[in-house]
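K.L.:
the following block contains a protein sequence and its predicted model.
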Amino acid sequence: MFVVCRSKSLRFICSGTRRALQVRHSSTFTVRKPSKHAPREVPTPLVFCSASHWDLGKRNNIPEFVSMLAEKGHTCIEVDFGPPSEGEKPSSSQNIMDSLSEELKVNLRLSGSPFPPVIFARGFASLVAQTYISSHPAQGLFLISPPLSNASLFPSVLPIPLREFDYELKFPVAVMARPAEMAQLRKYSRLGQDEFVDLIELDNLEGHDAFLEIEQWLDILGI
């Protein structure tokens with residue numbers, strides 16, 4: 001059983017004297033409940049973030065992982081981050097991240113789960129996931145082929161440079177990438193150089209072996 005919603009929210013965020021207008025985005029949000037035939041029901045939700053608009057229209061087979069995990073008893077939440085709504089223009093790259101992160105927060109609250117999630121994200125969605133966990137609780141973060149750095153997305157994707165993330169790693173973090181990508185991540189990425197980040201190399205990031213790696217990592221987390 002699953003529910004699909006299309007989110008177009010407009011919100012104001014206040015921090016001290018700063019008041020930032022959040023741009024509306026056309027994103028989709030899907031909640032997949034555990035299969036009634038699952039051997040157990042896991043309380044911790046798994047959130048799978050993609051960004052088909054920003055990643056040249058690719059969903060990267062995330063739904064296949066979602067279906068398999070739902071069969072095993074996980075509540076799986078899919079979010080596909082969309083572009084700004086027609087007529088909306090973000091003032092900065094940080095505004096894009098803050099807006100999409102706020103959208104994720106609101107949708108997670110509406111999902112009804114009281115537990116902090118484990119977040120999976122691929123490509124551009126990795127930036128939104130890291131923006132979210134910089135100021136919200138999570139039980140884990142699993143990134144698939146994240147950008148080498150925020151700077152690498154300017155000007156091809158982001159309108160202006162986005163400062164690099166500096167959040168503390170207070171929860172389990174994993175990065176999965178192909179061998180050539182991982183070599184670059186080890187050389188240039190903060191996460192690729194952190195000894196506390198689990199680095200997983202696979203030639204096929206969308207097949208059965210990738211699913212087994214995800215399942216094993218969740219087992220290590222006790223989820």
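P.N.:
Perfect, I can see it now.
K.L.:
for the rest of this, base every contact and every neighbour count on C-alpha atoms.
P.N.:
Fine.
K.L.:
tell me, how many residues neighbour the residue lying closest to residue 151 once chain neighbours are set aside?
P.N.:
Among residues not flanking residue 151 along the chain, residue 161 sits closest, at 5.9 Å (Cα to Cα, 6 or more residues apart in numbering). By other Cα atoms under 10 Å, 16 other residues sit near residue 161.
K.L.:
please report the distance of residue 161 from residue 184.
P.N.:
Plainly put, residue 161 is 20 Å away from residue 184 if you go by Cα to Cα, to the nearest Å.
K.L.:
so how many other residues sit close to residue 203?
P.N.:
Using other Cα under 10 Å, residue 203 has 12 other residues around it.
K.L.:
tell me what the longest strand anywhere in the chain is packed against?
P.N.:
Ordering each strand of the chain by length in residues (DSSP state E) puts strand 42-50 first. Judged by 3 or more Cα pairs under 8 Å, 6 or more residues apart in numbering; DSSP states H and E, the packing partners of strand 42-50 are helix 62-71, strand 74-80, strand 118-122, helix 125-133.
K.L.:
list of residues touching stretch 37-46?
P.N.:
The contact list for stretch 37-46, computed with Cα atoms under 8 Å, 6 or more residues apart in numbering, reads 34, 70-77, 113, 115-120, 223.
K.L.:
how long is that stretch end to end?
P.N.:
End-to-end distance for stretch 37-46: 18 Å, by Cα to Cα.
K.L.:
list the contacts for residue 137?
P.N.:
By Cα under 8 Å, 6+ apart, the contact list for residue 137 reads 116-117.
K.L.:
what about residue 66, distance to residue 74?
P.N.:
Taking Cα to Cα, one finds residue 66 at 9 Å from residue 74.
K.L.:
do residue 33 as well
P.N.:
Here residue 33 is placed at a distance of 7 Å from residue 74 (Cα to Cα).
K.L.:
the more surrounded of those two?
P.N.:
Legend: neighbour count by other Cα under 10 Å for residue 33 and residue 74, higher for residue 74 (24 against 19).
K.L.:
tell me which residues touch the more buried one, please.
P.N.:
Contacts of residue 74 (Cα under 8 Å, 6+ apart): 33-34, 41-46.
K.L.:
could you point out the longest helix in the chain?
P.N.:
helix 93-111 (DSSP state H).
K.L.:
the inter-axis angle of that one versus strand 74-80?
P.N.:
Counting by axes from the mean of the first three to the mean of the last three Cα atoms, to 10 degrees, helix 93-111 lies at 140 degrees to strand 74-80.
K.L.:
report the buried residues of helix 93-111.
P.N.:
Within helix 93-111, the residues scored as buried using 16 or more other Cα atoms under 10 Å are 93-104, 107-108, 111.
K.L.:
from the residues you listed, which two are the most distant?
P.N.:
93 and 111 (27.2 Å; Cα to Cα).
K.L.:
ok, residues contacting the helix or strand that contains residue 212?
P.N.:
Using DSSP states H and E, residue 212 sits in helix 208-221. Residues from elsewhere that reach helix 208-221, judged by Cα under 8 Å, 6+ apart: 65, 172, 200, 202, 204.
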